[in-house]
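1. what's the 3D shape of this:
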Amino acid sequence: MKDFNDCVNSYKEQLQIGDIREAYTGLVKYVTKLGTNLSKNLSKSYSFGSLFQGYMDYTYFYYSNQFLKDRKLKMGLVLNHLEMQFEVWLLGQTIPIQERYWEYFKNTKWNKKRTTKPQYSILETVLVENPNFNDLDKLSKQIEDGLVHVTDEIMKDIKTSRLTK
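-> Down below sits the predicted model:
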């Protein structure tokens, strides 16, 4: 196993090449602009939070509506850097809420391939598996359409669950 200093030297070398720095900056700028556009386009359905850059693992922002807030839930639009894909996550405000909703969602289509609860969420679903960053307008439309569709499905399942507020 490499020691920390070796890792830092490797990091420095990669930063000097420039591709990682340029890609990361571009990705964060894109997700920031995406959040702004979604906030404008979907303001009648959802409120959107600020961007969280993460630690080169996830870049994300939260979004919600009154239905979700009443249940102490929120959604997250996540750029998973390791998989380089966009995901939608359902999250709870507290661990007990996450656990309660996990008990319901663990046996649904959303978690059929999971045996344990996700680390940060109740469920995680892939929205865009292989994003094409050469056509950002098309990618943004794909994300917006998918976000609306997936969020509607998740909220429908929450209603069906009969879990109380």
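2. for Tyr62, helix, strand, or coil?
-> With DSSP: H, G, I helix; E, B strand; the rest coil as the basis, Tyr62 sits in strand.
3. mind listing what it touches?
-> Phe48, Gly49, Lys74, Met75, Gly76, Leu91 (CB atoms under 8 Å, 6 or more residues apart in numbering). Using the backbone N, CA and C atoms, a C-beta is placed for each residue, glycine as well.
4. how about it, nearest residue that isn't a chain neighbour?
-> Gly49 (4.1 Å; CB to CB, 6 or more residues apart in numbering).
5. thinking again about what came up before, mind putting the contacts of Tyr62 in a markdown table, secondary structure and distance to Asn5 included?
-> Below are these laid out as a markdown table (DSSP: H, G, I helix; E, B strand; the rest coil; distance: CB to CB, whole Å):
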| residue | secondary structure | distance to Asn5 |
| --- | --- | --- |
| Phe48 | strand | 41 |
| Gly49 | strand | 37 |
| Lys74 | strand | 40 |
| Met75 | strand | 40 |
| Gly76 | strand | 35 |
| Leu91 | strand | 36 |
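6. quick check on the residues you listed: which are buried?
-> Neighbour counting with 16 or more other CB atoms under 10 Å marks Phe48, Lys74, Met75, Gly76, Leu91 as buried within the contacts of Tyr62.
7. what's the pLDDT at the residue nearest to the second one when sequence neighbours are not counted?
-> Translated: Lys74. Using CB to CB, 6+ apart and skipping the chain neighbours, the partner closest in space to Lys74 is Ser64 (4.3 Å). Ser64 is assigned 98 on the pLDDT scale.
8. again, but for the one 5 residues further on
-> Lys69 carries a pLDDT score of 97 in this model.
9. and the contacts of whichever strand or helix holds it?
-> According to DSSP states H and E, Lys69 maps onto helix 66-70. Helix 66-70 has contacts (CB under 8 Å, 6+ apart) with Lys74, Met75, Met155, Ile158, Lys165.
10. what comes up buried for the lengthiest helix in the chain?
-> Using DSSP state H, we find that the single longest helix of the chain is helix 136-161. The neighbour-count check on helix 136-161 (16+ other CB under 10 Å) flags 139-140, 142-144, 146-147, 150-151, 154-155, 157-158 as buried.
11. try stretch 77-87
-> Residues Leu77, Val78, Leu79, Asn80, His81, Phe86, Glu87 are the ones in stretch 77-87 that count as buried (16+ other CB under 10 Å).
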